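>>> Below: sequence and its predicted model.
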Amino acid sequence: MEQISNASKKLKTAHDNIERDYKAQIDKFSSKEEDLLTRLSDLDKRKLENAEANGNVDAADDDVVEIIAGGKIIAAKRSTLTQLKGTRFEALFSGRWDKVLQRDSNGRIFLDVNPKCFQAIVDYLNEMTISSEENPPNPPSVDDDHTHILRYQLELFGLLDEAPAVELPDNNIIKDEG
């Protein structure tokens with residue numbers, strides 16, 4: 001009987017130790033969660049302050065954004081342009097920078113980029129909005145003469161990791177003879 005009593009005491013001690021450790025972990029995670037929520041709140045506050053200072057706080061997903069890219073007028077819904085969160089493309093068209101973006105005389109956002117490549121990017125984003133995850137759109141593409149420019153624009157806008165690989169054409173200028 002004494003063995004059962006000792007085993008019961010050991011079991012209770014082990015249980016209490018596990019409970020104590022569990023509570024310590026919960027407290028630790030709760031503290032980290034609080035810190036993260038505070039940081040997120042601070043970031044949201046700074047984002048709003050930036051929008052108030054540099055952009056349009058009333059920017060909405062349904063807004064039609066007009067862009068003049070390399071002389072070509074391109075219009076798209078803000079939600080289409082901002083769907084890839086965390087990219088420079090999303091930040092550019094989020095509305096947070098509307099007051100500081102260069103514009104043409106008609107108020108369109110002016111981008112000095114290749115119009116064919118920029119249109120390919122917008123077309124790809126538009127296809128993403130209407131495609132399913134099971135059947136995603138093909139990556140943005142242009143003719144072989146512009147593929148390297150498309151790749152640079154994808155990189156410039158922070159979309160290179162978001163869009164499936166864009167293949168560069170063979171380069172006939174430099175050949176490895178060895």
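Perfect, I can see it now. Numbering: from 1, shown residues only.

>>> drop to CA atoms for contacts and neighbour counts, all remaining ones
Fine.

>>> same question for the strand or helix carrying residue 43, mean pLDDT?
Following DSSP states H and E, one finds residue 43 within helix 2-54. For helix 2-54, mean pLDDT rounds to 92.

>>> contacting residues around the closest residue to residue 47 other than its chain neighbours?
With Cα to Cα, 6 or more residues apart in numbering as the criterion, residue 47 has its nearest non-adjacent residue at 7.7 Å, and that residue is residue 96. Applying Cα atoms under 8 Å, 6 or more residues apart in numbering, we find residue 96 in contact with 47, 48, 50, 51, 52, 54, 55, 56, 57, 59.

>>> The same query, at a cut-off of 7 Å, please.
Going by Cα atoms under 7 Å, 6 or more residues apart in numbering, residue 96 touches 50, 51, 54, 55, 56, 57.

>>> Check what pLDDT it gets.
pLDDT recorded at residue 96 is 89.

>>> That one should be in a helix, yeah?
No - going by DSSP: H, G, I helix; E, B strand; the rest coil, the assignment for residue 96 is coil, not a helix.

>>> tally of neighbours for residue 156?
Neighbourhood size, residue 156 [other Cα atoms under 10 Å]: 13.

>>> any idea how far it lies from residue 87?
Applying Cα to Cα, to the nearest Å, the value for residue 156 to residue 87 is 10 Å.

>>> ditto for residue 54
Relative to residue 87, residue 54 is positioned 18 Å away (Cα to Cα).

>>> before we move on, what about residue 149?
According to Cα to Cα, residue 149 and residue 87 sit 18 Å apart.

>>> what's the offset of the following helix or strand past the helix holding residue 43 from the middle of its chain?
Sequence-wise, the next helix or strand downstream of helix 2-54 (DSSP H and E) is strand 64-69. In terms of Cα atoms, centre = their mean, to the nearest Å, the centre of strand 64-69 is found 20 Å from the chain centre.

>>> Mind checking the pLDDT average for strand 64-69?
For strand 64-69, mean pLDDT is 98.

>>> One more: stretch 144-158?
Across stretch 144-158, the average pLDDT comes to 94.

>>> tell me which residues in that stretch are buried?
Within stretch 144-158, the residues that count as buried by 16 or more other Cα atoms under 10 Å are 147, 148, 149, 150, 151, 153, 154, 158.
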